[in-house]
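# This is a predicted model, with the sequence first.
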Amino acid sequence: MKLYLSLFLLLVLTAAVNGHSATEWKSRVIYQLLTDRFAKDSDVSDSCSDLNTYCGGTFKGITRKLDYIQDLGVNAIWISPIPKQTDNGYHGYWQQDITEINSYFGSSDDLKQLVKECHNRDIWVMLDVVGNHMGTQNNGDWYNFAKFTPFNQREYYHDYCLITDFSNQSMVEYCRLANLPDLDQNNDFVHSTLKSWIHDTVQTYGFDGLRVDTTPEVHPDFWSEYSTSSGVFTIGEVFNGNPEYCSRYQGCLSSVLNYPMYYKLKDSFQGRKSMYSIHDGIEANSVFQDASVLGSFLDNHDNPRFLSQNSDQNVLLSAMAYNIFAQGIPIIYYGTEQGFKGSNDPYNRESLWPHYDTTNTLYTSIATMAKFRIKLGSALYNSPQVQRYVDDQFFAFTRGKVFVATSNIGSGQSMTRTITYHPYSDGIRLVNQLNSNDTVTVKSGQFQVYIQNGLPKVYYPSSELQPDDEMMLHDDNNKQTSNSVKISVSVSVVMVIVLGTVIIIVGSVLLTWRRKMKKYSSLK
């Protein structure tokens with residue numbers, strides 16, 4: 001009987017996938033990186049000089065720098081698309097052969113090792129994927145598809161036309177974006193191949209989620225099937241500031257990037273316009289099925305970096321405090337923690353090397369906030385966001401017992417606001433998690449927030465803190481190492497043959513094994 005039980009468990013473990021739900025992804029802070037720009041196989045002293053082509057970042061390089069990622073406090077990474085590319089497709093969006101790994105990034109085994117090492121640290125891996133188009137062609141040779149695998153026939157593509165009007169949805173779905181050959185997902189071969197590819201890719205490497213490129217350029221019905229085939233959380237890129245338009249794609253996919261809120265945050269913090277814009281953005285979130293799983297961000301590879309348009313790092317930290325603690329799944333773009341200032345593509349796609357400083361203020365402050373968010377867990381991410389105060393220069397909110405105060409006044413500037421609308425009782429002492437010497441006590445139903453030098457506040461009741469919380473929050477060496485292992489298995493149907501008898505077990509099996517270091521266990 002022990003033998004049969006062992007065989008059963010082996011079967012279950014073999015069938016394991018990392019199909020984390022949207023709700024589970026709310027526990028993540030995502031670090032977006034470009035595989036070619038994050039880290040090389042070995043350290044170098046010079047930055048990449050030509051950002052229009054490959055710079056040399058690899059899967060092995062990411063694996064080497066997992067301590068850097070983990071010390072930043074994030075617990076998920078988003079990596080570039082992995083297929084073989086046409087010339088200079090360092091970013092991953094010009095796929096040539098979806099059956100081969102991009103050799104510039106490394107081998108299939110290198111990628112498997114990266115995912116394995118990430119999972120050993122409870123870091124989830126999100127893969128960027130492209131289902132809309134293939135890579136570049138020779139100029140004028142628009143109907144020659146021989147170079148592409150497996151889509152090498154004209155019948156696999158829409159007829160040649162360019163998107164010239166993004167308000168015309170039929171054109172957006174049928175014509176070419178940036179003159180890239182547009183796949184016809186209504187073609188049976190294309191339809192089935194893309195679905196099979198994503199299923200097999202997730203199963204082979206164990207990815208935990210997907211970022212879906214150019215989502216509006218493909219009909220939602222296909223994305224619904226694609227997402228189901230993947231078996232994991234999917235978040236779509238809908239590069240549009242209209243909440244009504246973006247919300248159409250939450251349903252066929254698990255979530256979307258919250259571009260409407262991105263533009264509101266850009267106005268309020270980067271542009272130093274009225275902070276009422278944030279209030280408007282929150283109101284607009286109501287059109288989404290579930291705003292709590294939208295991807296929230298301040299910059300990315302398609303937009304100028306925050307500091308390229310507003311060089312004040314204290315304003316950036318204030319915006320980051322909003323991004324990390326507000327409703328949504330926070331995404332941090334690589335290099336933000338090092339003060340990168342690149343403007344438009346490709347200048348916002350700098351090589352991170354040799355800039356791996358873990359002592360600068362941006363890195364340590366982001367790490368403190370990210371770790372505190374993760375520590376609070378569902379008490380934060382399952383709590384509603386409640387606006388507590390807003391004016392042109394100041395925005396404050398709570399989620400659960402956390403009070404976050406942000407401003408756009410910047411370095412060298414100060415302000416005081418009296419907070420009367422809050423969830424705390426008189427006598428409650430609030431401690432700023434970014435500076436444990438900064439405390440306020442609620443008296444007569446109110447307390448004052450003093451913004452100094454334009455820096456944000458992340459207040460939390462001292463009575464809720466463990467004795468070593470402040471130490472843990474500021475300990476940049478705190479990380480979950482290989483001493484911590486988590487195995488999750490989700491199985492819908494398992495069939496076991498025992499002595500000629502077929503036993504069908506229907507349901508869900510979840511096996512979890514954790515072994516924590518004593519130091520880390522206090523964070524859970």
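That came through fine.

# pLDDT below threshold where in the chain?
1-18, 467-524 (pLDDT under 70).

# now do 90
1-19, 465-524 (pLDDT under 90).

# Grab the longest helix from it for me.
Criterion DSSP state H: the longest helix present in the chain is helix 188-205.

# helices or strands next to the helix or strand A405 falls within in the packing?
According to DSSP states H and E, A405 maps onto strand 402-407. When contacts are defined as 3 or more CB pairs under 8 Å, 6 or more residues apart in numbering; DSSP states H and E, strand 402-407 sits against helix 313-325, strand 394-399, strand 415-419, strand 447-451, strand 457-461. No exception for glycine: its C-beta is placed from N, CA and C like everyone else's.

# Note down every partner strand of it and its orientation.
strand 394-399 (antiparallel), strand 457-461 (antiparallel) (DSSP bridges).

# Just the CA atoms of that strand, as CSV, please.
The C-alpha trace of strand 402-407 is given here as CSV (Å, rounded to 0.1, in the frame of the first residue of the first chain):
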residue,chain,number,x,y,z
VAL,A,402,-1.9,51.4,7.1
PHE,A,403,-2.0,55.2,6.6
VAL,A,404,-0.1,56.5,3.5
ALA,A,405,0.6,60.2,3.0
THR,A,406,2.0,61.4,-0.3
SER,A,407,2.6,64.8,-1.9
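
# Tell me how many other residues crowd G454.
22 (other CB atoms under 10 Å).

# The one 3 residues further on now?
Other residues within reach of K457 by the criterion other CB under 10 Å amount to 23.

# Next: Y450.
Neighbours of Y450 (other CB under 10 Å): 12.

# OK, contacts around it?
Listed by CB atoms under 8 Å, 6 or more residues apart in numbering, the contact partners of Y450 are 414-416.

# Beta-bridge partners for it, please?
Beta-bridge partners of Y450, counted by DSSP bridges, are T416.

# thinking again about what came up before, which of the contacts of Y450 has the most neighbours?
Using other CB under 10 Å as the neighbour test, these are led by M415, with 15 neighbours.

# Can you tell me, leaving aside adjacent residues, what's nearest to that residue?
Spatial nearest neighbour of M415, chain neighbours left out: I451 (4.8 Å); criterion: CB to CB, 6 or more residues apart in numbering.

# Pretty sure that neighbour sits against I409.
Yes - I451 lies in contact with I409 (CB atoms under 8 Å); the separation is 6.8 Å.

# so what sits against both of these two?
M415.

# In terms of neighbours, single out the busier of those two.
In this view I451 and I409 are compared by other CB under 10 Å, and I451 has more residues nearby, 22 against 19.

# ok, the more buried one - contacts?
394, 405, 407, 409, 413-417, 457.

# Repeat that for S103.
K84.

# and it, helix, strand or coil?
With DSSP: H, G, I helix; E, B strand; the rest coil as the basis, S103 sits in coil.

# ok, now how distant is it from Y249?
Per CB to CB, to the nearest Å, S103 is found 33 Å from Y249.

# Check P216 too.
P216 sits 7 Å away from Y249, going by CB to CB.

# How about W223?
W223 is 7 Å from Y249, by CB to CB.

# So between these two, which is more surrounded?
Per other CB under 10 Å, whichever of W223 and Y249 has more neighbours is Y249, with 25 against 21.

# isn't the more buried one right up against F239?
No - if you go by CB under 8 Å, Y249 and F239 don't touch, sitting 11.3 Å apart.

# Overlap in contacts, those two.
P216.

# ok now do T439, which residues does it touch?
Contacts of T439 (CB under 8 Å, 6+ apart): 429-432, 462.

# nope, L316 is what I was after
So L316 contacts 269, 298, 306-307, 310, 336, 362 (CB under 8 Å, 6+ apart).

# And it, how close does it get to D43?
27 Å.

# Over to N323?
Using CB to CB, which is the criterion applied here, N323 is 30 Å from D43.

# So those two - more neighbours on which side?
It is N323, of N323 and D43, that has more neighbours when counted by other CB under 10 Å, with 24 against 12.

# Pull out the buried positions in whatever helix or strand A284 lives in.
Counting by DSSP H and E, the element that carries A284 is helix 276-284. The neighbour-count check on helix 276-284 (16 or more other CB atoms under 10 Å) flags 277-279, 281-282, 284 as buried.

# any idea how far the residue lying closest to K116 once chain neighbours are set aside lies from L127?
Leaving aside its sequence neighbours, K116 sits nearest to G206 (CB to CB, 6+ apart; 7.7 Å). Relative to L127, G206 is positioned 10 Å away (CB to CB).

# which one of the two has more residues nearby?
Taking other CB under 10 Å, G206 and L127 do not tie; L127 has more neighbours (25 against 18).

# quick one: the helix or strand where that one lies to helix 188-205, angle?
Taking DSSP H and E as the criterion, the element that holds L127 is strand 124-129. Put simply, strand 124-129 runs at 160 degrees to helix 188-205, going by axes from the mean of the first three to the mean of the last three CA atoms, to 10 degrees.

# coming back round to it: in TSV, list the buried residues of helix 276-284 along with distance to K264.
Converted to TSV, the buried residues of helix 276-284 look like this (distance: CB to CB, whole Å):
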residue	distance to K264
S277	5
I278	6
H279	9
G281	3
I282	8
A284	8
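
# okay, now the residue nearest to N348 when sequence neighbours are not counted: neighbour count?
Ranked by CB to CB, 6+ apart and with sequence neighbours excluded, the top spatial neighbour of N348 is G342, at 3.8 Å. Neighbour count for G342, taken as other CB under 10 Å: 18.

# now swap in E237 and tell me
Count around E237 with other CB under 10 Å applied: 21.

# That one: what's it in contact with?
Contacts of E237 by CB under 8 Å, 6+ apart are 211-215, 256-257.

# Among those residues, which one lies nearest to L111?
R211 (16.2 Å; CB to CB).

# Identify the residues contacting that closest one.
78, 126-129, 234-237, 257.

# My reading is that it is in a strand; is that accurate?
Yes - under three-state DSSP, R211 falls within a strand.

# Just list whatever residues bridge to it.
Under the criterion used (DSSP bridges), R211 bridges to D128, I235.

# Touching stretch 282-293 from outside, list them.
Residues contacting stretch 282-293 (CB under 8 Å, 6+ apart): 22-23, 25-26, 243-244, 246-247, 250-251, 254-256, 258, 260-261, 294, 327-329, 381-382, 385, 387.
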